[in-house]
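Novice: sequence-free structure coming up:
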């Protein structure tokens, strides 16, 4: 038993571990089943159900087997009519369980009151409505063999409620002890009961009791074997019948007479029976749980391996994604660290703008000059106002066209920077103010000083242009006003290079325009005959004025473009600096996150690997315990044979 106890201890430990694994793996149903095995093994109870017809000596057999007198009533006139469950307890305790219909609570009784409930003589037709008697005894036979004995009523007289209890115990019986009388062969009722019982419990011990009362018990034994062979489909010699004398065993217990013990033949029965019960413990309470443990360990191991594989794959993907993010930050930082691309873009775009503006301005002034001279040759102008209107319209159109070209080019510059050095930001360069016709050509509003100057620079540019013209030329106030208006408009346009610069540029161009206008006025006033020489002088004046204005405007536009590109470069460098600082912080965070993730995921993988290794170790232990149990079981079989 010491070896069996060690196996039980190992199995209990494995059951506890496997149950824990099953709960962690969300296998609640499996854990519940393992808990039932655990509870059963802790109890380690084997059930021996005693059946037989009335008056076959079942109660005396139980008393002799348990080596106790007067536990079960054995008077020859007494018959048992109630199932009794007898199990080990540290202290004697006897409880009567009543039928549900009686609505009686379980009652504790003394040992001498047992017959009041279990015998037909004192509880006729079960008037007490008792269903089961539970007897707990401090009995060594029960304790040492983990044994629970069920004493049932006679098989030929079972009431419905008693039959239900009897068959429920037979269904869980490890062994069925069928007691018959050595004075007569098995009856039809007994054989019918055995035929049904073998389908429920295939481990039946046939007890031939009262051999002390029969001189021909051997013939009865042989006859019973022949009858049983027909319903069990076995050869007669294969069917083991155990002839015993309960009377001689009880006599031995009282007197200590070894002869009585010898003739009781209980030694052989007990040896085989208790080893059979031990085999039942090994088979049902150890081997079966161990096989279940192995299966569950395999299931849990498979689930953990799948989880580990998924975690590993997900970890790789997550780590690769974080590495990609980190690499992207590094690449962006590296790209931003070099300003050569920026300088190249700015240089190329500035050259394009300068060339485009220069070409557009030259072609515009050439067209203006040609058209104005052609009109003079054709004598299309009858007054200075007509020349003024022509100059107003065309100079403002030239300025607007330059404005559009420069704005488009600046936007293209930002786009190029975005593409080539991978930046995304809103442009912050100073906008060029668009001069609408109705804000620049209404000379009456300008002269009346009622122009709505919201920007604060237009009026100053106009005043500066008029003042310079007034002191430099005395060729007509109207021409000066025209030059001042145009100069003021240009001053607003060139405002981003500074108020003073815009005013000076506007005054210079405005003054030149004033000279042209003034000359035109003088021409129309003093030369009514339109002599050819004055006409040529006027054309030469127009050419010189256009060239000077073109050069002046181009110089200031180049300066404006240069300043604007300097501002673009400054804004871009500041933005790059911000992005670099952002990327530096992002790189630090990505590094920290990557390191933390790698450590965390590594720990998670290690936890799963440790669980798998522990399960493998547990399975090795289960295999070892199973091998020990099977060896023990094989040894018991050899002894039984």
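Specialist: That came through, no problem. Quick caveat, the model's predicted, so the values are computed rather than measured. Residues are numbered from 1 along each chain as shown.
Novice: hang on, isn't residue 251 packed against residue 257?
Specialist: Yes: counting by Cβ atoms under 8 Å, residue 251 touches residue 257, with 6.7 Å between them. C-beta: built from backbone N, CA, C; applies to glycine.
Novice: quick one, which of those two is more surrounded?
Specialist: residue 251 (19 against 13; other Cβ atoms under 10 Å).
Novice: I'd like to know how far the more buried one sits from residue 141.
Specialist: Separation of residue 251 from residue 141 (Cβ to Cβ, to the nearest Å) stands at 18 Å.
Novice: repeat for residue 305
Specialist: On the measure of Cβ to Cβ, residue 305 and residue 141 end up 49 Å apart.
Novice: next: residue 123.
Specialist: For residue 123, the distance to residue 141 - Cβ to Cβ - is 27 Å.
Novice: low-confidence ranges in the stretch 301-450 of the chain?
Specialist: Applying pLDDT under 70 to the stretch 301-450 of the chain picks out residues 332-341, 381-384, 419-450.
Novice: could you rerun that using 50?
Specialist: Low-confidence segments of the stretch 301-450 of the chain, defined by pLDDT under 50, are located at 425-450.
Novice: got the domain ranges for this protein?
Specialist: 1-43+276-337+601-641, 46-264, 341-587 (automatic domain parsing).
Novice: check those for me: which has the lowest mean pLDDT.
Specialist: Looking at the domains of the chain, the lowest mean pLDDT belongs to domain 341-587 (a mean of 62).
Novice: could you confirm residue 50 falls within a helix?
Specialist: No: with DSSP: H, G, I helix; E, B strand; the rest coil as the criterion, residue 50 is assigned strand and is not in a helix.
Novice: who does it form a beta bridge with?
Specialist: Beta-bridge partners of residue 50, counted by DSSP bridges, are residue 151, residue 177.
Novice: residue contacts, residue 284?
Specialist: For residue 284, the contacting residues are residue 174, by Cβ atoms under 8 Å, 6 or more residues apart in numbering.
Novice: quick one: secondary structure of it?
Specialist: Strictly by three-state DSSP, residue 284 counts as helix.
Novice: hmm, residue 326 is touching residue 590, no?
Specialist: Yes: shown here, residue 326 and residue 590 form a contact pair, counting by Cβ under 8 Å, at 4.2 Å.
Novice: and the gap between residue 593 and residue 323?
Specialist: 11 Å.
Novice: swap that for residue 176, sorry
Specialist: 71 Å.
Novice: so for those two, which sits in the more crowded spot?
Specialist: Shown here are residue 176 and residue 323; by other Cβ under 10 Å, residue 176 has more neighbours (23 against 13).
Novice: just want the most central residue of the chain.
Specialist: Centrality entry for the chain: nearest residue to the mean C-alpha point is residue 311, 10.5 Å, by Cα atoms, centre = their mean.
Novice: list the contacts of it.
Specialist: 601, 604-605, 608.
Novice: element containing it?
Specialist: helix 288-337 (DSSP states H and E).
Novice: any idea how far that helix is from the chain center?
Specialist: 12 Å (Cα atoms, centre = their mean, to the nearest Å).
Novice: tell me, how many residues neighbour residue 303?
Specialist: Burial of residue 303 is recorded as 15 neighbouring residues (other Cβ under 10 Å).
Novice: coming back round to it: let's have the domains of the chain in TSV, adding distance to residue 270.
Specialist: What follows is those, written out as TSV (distance: least, Cβ to Cβ, whole Å):
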stretch	distance to residue 270
domain 1-43+276-337+601-641	10
domain 46-264	7
domain 341-587	83
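Novice: so what's residue 214 up against?
Specialist: Neighbours of residue 214 in contact, by Cβ under 8 Å, 6+ apart: 182-183, 220.
Novice: now, those that are in helices?
Specialist: residue 220 (DSSP state H).
Novice: top of the contacts of residue 214 by number of neighbours, please.
Specialist: residue 182 (27 neighbours).
Novice: what about it, distance to residue 562?
Specialist: From residue 182 over to residue 562 (counting by Cβ to Cβ), the distance is 132 Å.
Novice: return the distance of stretch 585-598 from the chain's centre.
Specialist: 22 Å.
Novice: ok, residues contacting that stretch?
Specialist: So stretch 585-598 is in contact with 318-319, 322-323, 325-326, 329-330, 333, going by Cβ under 8 Å, 6+ apart.
Novice: now, which of these sits nearest residue 133?
Specialist: Nearest to residue 133 among the contacts of stretch 585-598: residue 318, at 66.9 Å, using Cβ to Cβ.
Novice: just give the nearest non-adjacent residue to that closest one, would you?
Specialist: residue 597 (6.4 Å; Cβ to Cβ, 6 or more residues apart in numbering).
Novice: so for that neighbour, what pLDDT did the model give?
Specialist: pLDDT, residue 597: 73.
Novice: which residues are in contact with residue 131?
Specialist: 82-83, 97-99, 161, 165.
Novice: need phi/psi at residue 614.
Specialist: phi -70, psi -40 (degrees, to the nearest 10).
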